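> Give me a model of this one.
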Amino acid sequence: MDILHLLLIVLLGLVASAVLTSLEIPILKAKQFKQYIREEGPESHKKKSGTPTMGGVAIILALLLVTILGGYFTAESVVMLLMTLLFGAIGFLDDFIKVTAKHNLGLTAKQKLALQVLFAVGLAIYIARFSGYGTSVYIPFWGIYLDFGWFYVPFVAFVVVAMANSVNLTDGLDGLCAGITAIVSFFFALIGMKLGQGSPTIFSAALAGTCLGFLVFNRYPARLFMGDTGSMALGGAVAAAAIMMKMEFLLVIAGFVYVMESLSVIIQVVYFKKTGGKRIFRMSPIHHHFELGGMKEQNVVLMFWAVTLVCCALAYFVFMIGR
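Residues are numbered from 1 along each chain as shown. Purely as a prediction, here's the structure:
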């Protein structure tokens, strides 16, 4: 596989996603599937209430189509698509409850976590026992594979659940999550190509393209949102691809913005409880901190895209020095 093949898959993903998203928008409007903005969110976001949501359905369908048609369709491809669909289904249930009940509360945190852990453990057990990949994990800088043994299953389950929720938290500004995921996915497509792993490479390139196609309609001012349907599916997809390549620790570097978004929420909640109501950030996740500090939404998004590009370049450098 060469870079031209990779770019062709990205282009196919972009076109498929853009077309399917354009077809989905009028359907979502007709069904009255609208976003309900949380009351405690930034005041400037209140005007976004009523924007069509659940646009993640188009992302999932485009990813499915391009992965199947892109070549190198194997059992690995099925597993990565299945994780995307399962986590997308969790998000879909969450979104569906919100739009039908006409508020911003869907599944409970316990319900979502239980389903996420169930699916993540299933993936970990499959890879450890049935895939032939074993329980080794790539360790950056040293360039070695370390066998995690019995610890592999909880480790992989944690990676999947943490990534799904981190991507979900990142989806808070127009174009933020789709843009970051496009960059991270293309990074993993390059890594997969270097490793000679056809299925994860095609899947990652298709994921990058579908995110770009969705971005046509999701960039500021967004004409629709991906909803939890999209953000949960993207989290499951990115995690599955990284795990298939044994590059879980590179995901932490390349996906630093995802990690930062989650940590900002955890830090804010812990500090709030320990200090009796004081806050470190103006609002969490951290993209809202910059927004409430006076930065325009578009500029915050561009800044986070730029940080992701730098982190992916760093992750690629770390990968190459270990080879």
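
> Would you map the helices across this structure?
3-30, 56-69, 75-101, 109-125, 152-170, 176-195, 198-218, 227-244, 248-254, 256-274, 286-292, 297-321 (DSSP state H).

> The first one packs against which elements?
Okay, so that is helix 3-30. Under the contact definition 3 or more CB pairs under 8 Å, 6 or more residues apart in numbering; DSSP states H and E, helix 3-30 sits against helix 56-69, helix 176-195, helix 198-218. Placement of C-beta: from N, CA and C, glycine included.

> how about CSV for those helices, with distance to residue 92 and mean neighbour count added?
As requested, the helices and strands packed on helix 3-30 are exported to CSV (distance: least, CB to CB, whole Å; neighbours: other CB atoms under 10 Å):
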stretch, distance to residue 92, mean neighbour count
helix 56-69, 7, 23
helix 176-195, 16, 25
helix 198-218, 16, 28
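
> Of all the ones you listed, which one is nearest residue 234?
Closest approach to residue 234 among the helices and strands packed on helix 3-30 is made by helix 176-195 (4.9 Å; CB to CB).

> and that closest one, average pLDDT?
Averaged across helix 176-195, pLDDT comes to 96.

> Centre of the chain to it, how far?
How far helix 176-195 lies from its chain's middle: 11 Å, per CA atoms, centre = their mean, to the nearest Å.

> Output it as CSV - backbone C-alpha positions only.
Taking C-alpha atoms only, helix 176-195 is exported to CSV below (Å, rounded to 0.1, in the frame of the first residue of the first chain):
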residue,chain,number,x,y,z
LEU,A,176,-13.8,20.5,17.1
CYS,A,177,-14.3,16.7,17.5
ALA,A,178,-14.6,16.0,13.8
GLY,A,179,-11.4,17.9,12.9
ILE,A,180,-9.3,16.5,15.7
THR,A,181,-10.5,12.9,14.9
ALA,A,182,-9.7,13.4,11.2
ILE,A,183,-6.1,14.4,12.1
VAL,A,184,-5.6,11.6,14.7
SER,A,185,-7.1,9.0,12.3
PHE,A,186,-4.9,10.0,9.4
PHE,A,187,-1.9,9.7,11.8
PHE,A,188,-2.9,6.1,12.5
ALA,A,189,-3.4,5.4,8.8
LEU,A,190,0.3,6.5,8.3
ILE,A,191,1.4,4.3,11.2
GLY,A,192,-0.6,1.4,9.9
MET,A,193,1.0,1.8,6.5
LYS,A,194,4.5,1.8,8.1
LEU,A,195,3.6,-1.4,9.9
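
> Begin at 30, not 1, for the rest of this chat.
Okay, using 30 as the starting number, the last item reads as helix 205-224.

> tilt between it and helix 181-199?
Interaxial angle, helix 205-224 versus helix 181-199 (axes from the mean of the first three to the mean of the last three CA atoms, to 10 degrees): 140 degrees.

> Go through the helices of the chain and pick out the most buried.
The highest average neighbour count among the helices of the chain, using mean count of other CB atoms under 10 Å, belongs to helix 256-273 at a mean of 30.

> just to revisit the earlier point, I'd like the helices of the chain written out as JSON lines, with distance to residue 165 added.
Output for the helices of the chain, formatted as JSON lines (distance: least, CB to CB, whole Å):
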{"stretch": "helix 32-59", "distance to residue 165": "26"}
{"stretch": "helix 85-98", "distance to residue 165": "25"}
{"stretch": "helix 104-130", "distance to residue 165": "16"}
{"stretch": "helix 138-154", "distance to residue 165": "13"}
{"stretch": "helix 181-199", "distance to residue 165": "8"}
{"stretch": "helix 205-224", "distance to residue 165": "13"}
{"stretch": "helix 227-247", "distance to residue 165": "16"}
{"stretch": "helix 256-273", "distance to residue 165": "12"}
{"stretch": "helix 277-283", "distance to residue 165": "11"}
{"stretch": "helix 285-303", "distance to residue 165": "23"}
{"stretch": "helix 315-321", "distance to residue 165": "33"}
{"stretch": "helix 326-350", "distance to residue 165": "16"}
